[in-house]
Structure formats: structure tokens, C-alpha cells
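Novice: Here is a sequence together with a model predicted from it:
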Amino acid sequence: MSRPDAIVVGGGIVGAACARELAMAGLGVTLVEAEFVGGGATAAGMGHIVVMDDSPPQFGLTALSRALLDELAPALPAAVERDRCGTLWVAEDEDQLVAARLKAAAYGDAKVEASVVDGAELPRLEPGLRPGLAGGLLVPGDGVVYPPALARWLAEDARRLGAAIREGEPVTALDGRSVMTARGRIDAALVVNAAGAAAPILTHGLPIVPRRGHLVITDRHPGFCRHQVLELGYLKSAHSSTGASVAFNVQPRMTGQVLIGSSRELVGWNRTPNRALLGRMLRRAADFMPALAGLSAIRSWIGFRPATPDNLPLIGPSSRIDGLWIAAGHEGLGITTALGTARLLGDLILGRAPSLDPVPFTPDRSGEPAAAVHA
């Protein structure tokens, strides 16, 4: 096989998107995946496509990614299950409703459609929510996808553009010009480490740790919820760096099922489910949507999200290893931000004007938390 221009290590949704972006630019690309494309954290995650405003850099990355998916939408097969159902952020009290108004103003400034709804309007949008909630924020352009199918489509589109896809081939070592696998050495002009939570195993020193999360999916209950619904306290909970946390987060699937999350805990690579935390997560969900307690859950699972200290992914060149590029550390937003990550990485590799300011995503940054959009 001829020497590729670029090797992308990791066949999750981020790696698949990066392989496709580089192949679209005319580079010879080889995507190497330890198991199968669309597995790992991609297969274990929720399918959010959502604009998030916990920091200005993340707002920009998520908004870019959502716009890129909108452009792709006509080409996506039914298996991707893209549903532009919108996001409903729920406020429990007046203080959270004030936060919703601030969020709406920030979205409006960025030309992202969003509107505040009061407590009287919530039952019309989501009849299953409990009475007494203060209101919320509706972001109609958000949606959901089935992540493994989207990752596989991105990889197959990269293959159509000339990329080679090598599955079932774990990478044991890499530098900026080559990777080593059980089948031998592959040389290239550059290497992209997109191995998610395993990225620091291959590139020592990356500030990424595995953050375990639980999810539950129900039997088919069509129409149970109409939007992906989250509590406005979700970001604070999701980004807590100490202890275990849960937050209300439900998502309708096109199969009629309901996907329920979410939990986060730092326990390394421990694969034993935390049943107590899972119970807390389900009780939190039922507190917002009481009828959830009556649905039949058919499966629960865990996944390991690649978390960074400042809640932003690492996107760009390594300053320590010539030729090595990093696209990892997306925590629970890898599905949302894959396309934007690939676009920014492609801009930097190819010398194009960056679609976003790349500085906040620099792999060798200090790792300090990014400033929040709202106090």
C-alpha cells in the first residue's frame, strides 16, 4: 500500500469526521481503529446535536458543528436517525429562569434561534413535565442522531474519497510520522491522535482522563417526549470535577424509545456499573418527568468520556512531537462537536483560515477553566 499523507488513529465519530475532512481536501488518509468504526464512547453516548454556551469557545465549536451537520443532512441515510426535535432547557425556579433569559440573549447575539418559555407554556411543549416548573429555554434548531451510524457514514464517505479504513487493528505506539500496530508499522507525513479517552495512553502527558457515565433506554413509547429535555443545572453538574453527579437529560429516539441520562464519575477504567448512582440518575429524571417511572427499561450501559480540566477538547498540533496532531478530549460533546473539530483541524493542517479561533483548543494550553458566558 502506498504511504498515506495522514494517519488518523481512532474510529469514533471524531476520528471518522477528521478522516473525511482530510480526504475531502485531497489528502491520502488511513483511518486505524482498534475494534470497529463507531464503537467505544461513540456507541455508548447520547446523540445530542446541541449548541452549548458554557464558554465562548465551546459555543463557537458547537454552533459550527451543528451548522455543518445541517449542510450534510440531505445526504445522510435513514440509519443516522437525524431528528431535529430541538432542545428544551427546563428551569426549576425563578433564578434558573433568569439564567434562561441570559442564555437566550447570548444565543440571539450569535444568530442562534432560541426563545424563553414560561411555566404555563411548558405543558404544551412537554406534557410529561411535572407541574410547578418556572419555565425554560427552547432551542428549535438542535436535534439528535444515532451516533454509531453517523460515525460509520462519515468513515464510508472518507473511503469513497479515497481513504483506507483499517478496523480491528489496535495501535500500540505512535509519533508524528508513523504508527505501530499488531500488523506492523505505517508511515505518513502526519499523524492525528483521535483516540478519545485512550489518547493519553498513546501520547503521554495529554490532560485527558476517562469519565464514566451511565445511560438507560426504555421500550418503545412513541410520543412520550417531543424534545431532548435537560435541566438548566446540567452544565454545572456535568462539569463538576469532584465526586459523582447526575442530571436530568432525556432524549426521544426515532424508534419510539426514550434515552435517559446522565451520570458522571471519575473512577478510571472501572467497568463495574454503579447501581446506586444509576438509581440516583433515574430518580432525578422521574422528578422532572414522573411518568418515566412507569416505563419499561430494557437496557443500561456505561461509557467512558474523554474529559479535560477546562471542559474543552484538544484540537491542533503537538508542540512536543513534530508531525503529531491531536483531536481528543471532547467529554460528553463528541457527537455534537465532531464535524466542527474536523473542520478546525483541517484548517490548521492545510493552512486555511481557521473557522474558529484555535487558541482555546491548543493541546498544550494550561488547562485552566475557560471563562463562562454567564456568571
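Specialist: Structure's in. What do you need?

Novice: Once you drop chain neighbours, what's closest to G60?
Specialist: Distance criterion C-beta to C-beta, 6 or more residues apart in numbering; nearest residue to G60, sequence neighbours excluded, is L356 at 5.0 Å. (C-beta placed from N, C-alpha, C; glycine too.)

Novice: Just the element for that neighbour, please.
Specialist: For L356, there is no host helix or strand (DSSP states H and E).

Novice: That one: how many residues sit nearby?
Specialist: Here the number of neighbours of L356 (other C-beta atoms under 10 Å) works out to 18.

Novice: Return the per-residue confidence for it.
Specialist: L356 is assigned a predicted lDDT (pLDDT) of 96.

Novice: and stretch 3-19, which residues are buried?
Specialist: Across stretch 3-19, burial judged by 16 or more other C-beta atoms under 10 Å covers 4-19.

Novice: Can you flag which of those belong to strands?
Specialist: With DSSP state E as the criterion, strands contain 6-9 from among those.

Novice: what's the closest of those to A104?
Specialist: Of all these, A104 sits closest to V8, with 37.8 Å by C-beta to C-beta.

Novice: Bridged to the closest one, which residues?
Specialist: L31, V192 (DSSP bridges).

Novice: ok, it touching L31?
Specialist: Yes. The pair V8 / L31 is scored as a contact, 4.8 Å apart, by C-beta atoms under 8 Å.

Novice: if we can go back for a sec, dump the ones in strands among the buried residues of stretch 3-19 into TSV; add distance to W89 and pLDDT as well.
Specialist: Shown next, in TSV, are these (distance: C-beta to C-beta, whole Å; pLDDT from 0 to 100):
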residue	distance to W89	pLDDT
A6	38	98
I7	40	98
V8	34	98
V9	36	98
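
Novice: Including distance to G268, could these go into a markdown table?
Specialist: Conversion of these to a markdown table gives the following (distance: C-beta to C-beta, whole Å):
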| residue | distance to G268 |
| --- | --- |
| A6 | 31 |
| I7 | 28 |
| V8 | 26 |
| V9 | 22 |
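
Novice: Can you pick out the most distant pair from these?
Specialist: A6 and V9 (10.4 Å).

Novice: Between these two, which contacts overlap?
Specialist: In terms of C-beta atoms under 8 Å, 6 or more residues apart in numbering, A6 and V9 are both contacted by the residues 191-192.

Novice: ok, back up a step: quick one: common contacting residues for V8 and L31?
Specialist: Contact criterion C-beta under 8 Å, 6+ apart; residues shared by V8 and L31: 15, 19.

Novice: which stretches of the stretch 51-200 of the chain have low pLDDT?
Specialist: Nowhere does the stretch 51-200 of the chain drop to pLDDT under 70.

Novice: part of a helix, is L292?
Specialist: Yes. Checked against DSSP: H, G, I helix; E, B strand; the rest coil, L292 lies within a helix.

Novice: residues touching it, list them.
Specialist: Counting by C-beta under 8 Å, 6+ apart, the residues that L292 touches are 128, 218, 250, 258, 260, 282, 285-286.

Novice: Please list the members of those residues that lie in helices.
Specialist: Mapping the contacts of L292 onto helices (DSSP state H) picks out 282, 285-286.

Novice: Most neighbours out of these, which is it?
Specialist: Within the ones in helices among the contacts of L292, most neighbours by other C-beta under 10 Å means A285, with 24 neighbours.

Novice: surely it meets V250?
Specialist: Yes. Counting by C-beta under 8 Å, V250 is a contact partner of A285 at 6.1 Å.

Novice: hey, what's in contact with both of the two?
Specialist: When contacts are counted by C-beta under 8 Å, 6+ apart, A285 and V250 have 260, 292 as shared neighbours.

Novice: For the stretch 51-200 of the chain, which segments are assigned as strands?
Specialist: 87-91, 115-118, 135-139, 143-144, 164-166, 171-174, 178-181, 184-187, 190-193 (DSSP state E, counting those that start in this stretch).

Novice: So which of those strands is nearest E231?
Specialist: Shortest distance between E231 and the strands of the stretch 51-200 of the chain, using C-beta to C-beta, is found for strand 87-91: 5.4 Å.

Novice: That closest one pairs with which strands?
Specialist: Counting by DSSP bridges, strand 87-91 is paired with strand 135-139 (antiparallel), strand 228-231 (parallel).

Novice: Buried residues of it, list them for me.
Specialist: 87-91.

Novice: Any chance you could list what contacts that strand?
Specialist: For strand 87-91, the surrounding residues in contact (C-beta under 8 Å, 6+ apart) are 48, 50, 97, 99-100, 103, 117, 122, 125-126, 129, 133-139, 142, 227-232, 234, 248, 288.

Novice: Including mean neighbour count and distance to E331, could the strands paired with strand 87-91 go into CSV?
Specialist: Shown next, in CSV, are those (neighbours: other C-beta atoms under 10 Å; distance: least, C-beta to C-beta, whole Å):
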stretch, mean neighbour count, distance to E331
strand 135-139, 25, 20
strand 228-231, 24, 15
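
Novice: Pull the number of nearby residues for G223.
Specialist: Considering only other C-beta under 10 Å, G223 is surrounded by 9 other residues.

Novice: Likewise for the one 4 residues further on?
Specialist: The tally of other residues near H227 (other C-beta under 10 Å) stands at 24.

Novice: how near is it to L125?
Specialist: Relative to L125, H227 is positioned 7 Å away (criterion: C-beta to C-beta, to the nearest Å).

Novice: So for the two, which residues contact both of them?
Specialist: 88, 138.

Novice: just the strands in the stretch 251-375 of the chain please.
Specialist: 258-264, 297-307, 314-317, 324-328.

Novice: ok, what's across the strand from M180?
Specialist: Going by DSSP bridges, M180 is paired in beta bridges with A173, R185.
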